[in-house]
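[1] Quick check, what structure comes out for this input:
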Amino acid sequence: MALQSKLFRGDAKLEAALISDSAHIVQGAAGAHVGKIQQALNELDAAGLNPDEKYGPATSSAVLAYKQKRNIINRAYQTQADNIVGKLTVASLDREMLAHEKKGPSRLNLNFAMTDPSINVTVEGPVSSLTAPTRKAINPATFLKAGMMGWMDLPPVPGKTARLKVEKKSVIHWILVFVPDGTIVSHLLHIFFHPTPVQVFPDKPGEPAVAHIVADDKTYDGFTKDWRDLGEKYLGIIGPQLGAARKLPLLVPMMRNAAAQRSTAANDVFADRPLDTLFEILTVLRDKVINPPSDAPALPLSMDSVHIGTSSFSSGIAYHANLFQRIKSHPTYDEAIDLDSTFIKTAHLDLAPQPGGRPTVKRHSQREGTPSTVNNLQFPPSRWDGKAPNAPPGIATPPSTKHVHHLIADRTFYGAMQNSLLKP
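    Next comes the predicted model:
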């Protein structure tokens, strides 16, 4: 692929460095192409170089610093960054310059560090192979049509799963990850917020509501079986739908019930420095989980190329809204999807579309009598065609309102991801 930025495109020496090892640019080189590298480093990293078109010690040091910040390493033969401008470095500089030219300097002001030693992210236990099972979903082609919806079969999706331990200010947080096979992007991610692990409902109709503890905050730090079961449940629902539509990492932060009670709760993994935290997570994902083959290296991370999508279901809106409020004005946040919070009071007040349209806010709902639009899709009981030949068992007739609430996340997330703005 040819270089795209105005600064780099059409330069024969930079184009050659993008595709040929023998054309790498090293210390001692001179010419207009070196001047363009110096300009890019000055604009992207404030390197303060004299644009003398000579690849001297100062330029060499700036290239090394640029690559170290972004962890640009050809893992086929390296273990650490060097001061050579080769294929990955030219591609990264070009991609950042293109975004810089399109968005202007504000796009680069991401307000989060490349690395933050106070945020410690580790993979706990093995990175495991996982095949997300086949499942039935609503065909997204029928989302906007009047009448009943059509069903489709999603294929099994092979991939890798891991459990991440995030430690911040001595507080432990757990995040489950699913990376579909074929994923080589490390600058995109989708975050799904599960409902709170304490559900309040009556045991029998007409009886007083009772708190049902699905996973107990008291056992969170040890991530006991109740937490593991809860996480696997949502990976099994969301993982195959995402993987069938998009090859990008899925994060499921396992959130304590207490973290939903107030937006400043310290036991919310994103309460403190959310973008720094996400960047540290992406760095570990790239190096430890995605780990692509050397002949198809993962795109290097850069401050300017991270794109975030989020979604939640039911009471997961509380966690989702907290992160939304913290990063909603940030240009790296592309879309927020609410997968039906009909039963939650003030369900949508904290996910209001923003001036300028970023992030894009999309909603799924079980409201009856409201026409669907691209960003506000309606799935009331009357639209669920339980008699369709491909419908799953148990939906022989249009389900109850409460049943629809659960089915929306189970069966429409695939369509949400098919139409996602995050496209590798």
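[2] contacts and neighbour counts: CA atoms only from here.
    Will do.
[3] How about residues contacting the helix or strand where residue 406 lies?
    Assigned by DSSP states H and E, residue 406 falls within helix 401-418. Here helix 401-418 makes contact (Cα atoms under 8 Å, 6 or more residues apart in numbering) with 136-140, 237-238, 241-242, 244-246, 313-314, 337, 339-340, 342, 364, 366, 379-381.
[4] buried set for that helix?
    Residues 404-405, 407-418 are the ones in helix 401-418 that count as buried (16 or more other Cα atoms under 10 Å).
[5] and what of stretch 9-19?
    Of the residues in stretch 9-19, 13, 14, 15, 16, 17, 18, 19 count as buried by neighbour count, 16+ other Cα under 10 Å.
[6] In CSV: those residues, plus distance to residue 121 and pLDDT.
    Formatted as CSV, these follow (distance: Cα to Cα, whole Å; pLDDT from 0 to 100):
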residue, distance to residue 121, pLDDT
13, 39, 94
14, 36, 94
15, 36, 92
16, 37, 92
17, 34, 92
18, 32, 91
19, 34, 90
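[7] which one among the residues you listed gets closest to residue 284?
    Here the nearest of the buried residues of stretch 9-19 to residue 284, counting by Cα to Cα, is residue 18; it sits at 25.8 Å.
[8] which residue packs closest to that closest one, ignoring adjacent ones?
    Nearest residue to residue 18, sequence neighbours excluded (Cα to Cα, 6 or more residues apart in numbering): residue 87, at 4.3 Å.
[9] got the contact list for that neighbour?
    Per Cα under 8 Å, 6+ apart, neighbours of residue 87: 17, 18, 19, 20, 21, 24.
[10] ok, now with 10 Å
    14, 15, 16, 17, 18, 19, 20, 21, 23, 24, 25, 74 (Cα atoms under 10 Å, 6 or more residues apart in numbering).
[11] mind giving me the domain split of this structure?
    Listed domain ranges for the chain are 12-108, 119-418 (source: automatic domain parsing).
[12] which residues in the stretch 51-200 of the chain form helices?
    Secondary structure of the stretch 51-200 of the chain (DSSP state H, counting those that start in this stretch): helices at 57-70, 87-103.
[13] Does the first one pack against any helices or strands, and if so which?
    Read it as helix 57-70. For helix 57-70, the contact count by 3 or more Cα pairs under 10 Å, 6 or more residues apart in numbering; DSSP states H and E identifies helix 32-45, helix 87-103 as packing neighbours.
[14] Next, the angle from it to helix 32-45.
    Angle of helix 57-70 versus helix 32-45, following axes from the mean of the first three to the mean of the last three Cα atoms, to 10 degrees, is 50 degrees.
[15] From the contacts of residue 87, which land in helices?
    14, 15, 16, 17, 18, 19 (DSSP state H).
[16] what would the residues you listed look like in JSON lines with distance to residue 279?
    Shown next, in JSON lines, are the ones in helices among the contacts of residue 87 (distance: Cα to Cα, whole Å):
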{"residue": "14", "distance to residue 279": "29"}
{"residue": "15", "distance to residue 279": "29"}
{"residue": "16", "distance to residue 279": "31"}
{"residue": "17", "distance to residue 279": "28"}
{"residue": "18", "distance to residue 279": "26"}
{"residue": "19", "distance to residue 279": "28"}
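[17] quick one: which of those residues is nearest residue 354?
    residue 18 (38.3 Å).
[18] Contact partners for residue 371?
    144, 145, 146, 377, 378, 379.
[19] Out of those, who's the most crowded?
    Comparing the contacts of residue 371 by number of neighbours (other Cα atoms under 10 Å), residue 379 comes first, having 26 neighbours.
[20] quick one: the closest residue to that one other than its chain neighbours from residue 404, how far?
    Distance criterion Cα to Cα, 6+ apart; nearest residue to residue 379, sequence neighbours excluded, is residue 366 at 4.7 Å. In this view, residue 366 and residue 404 are 7 Å apart by Cα to Cα, to the nearest Å.
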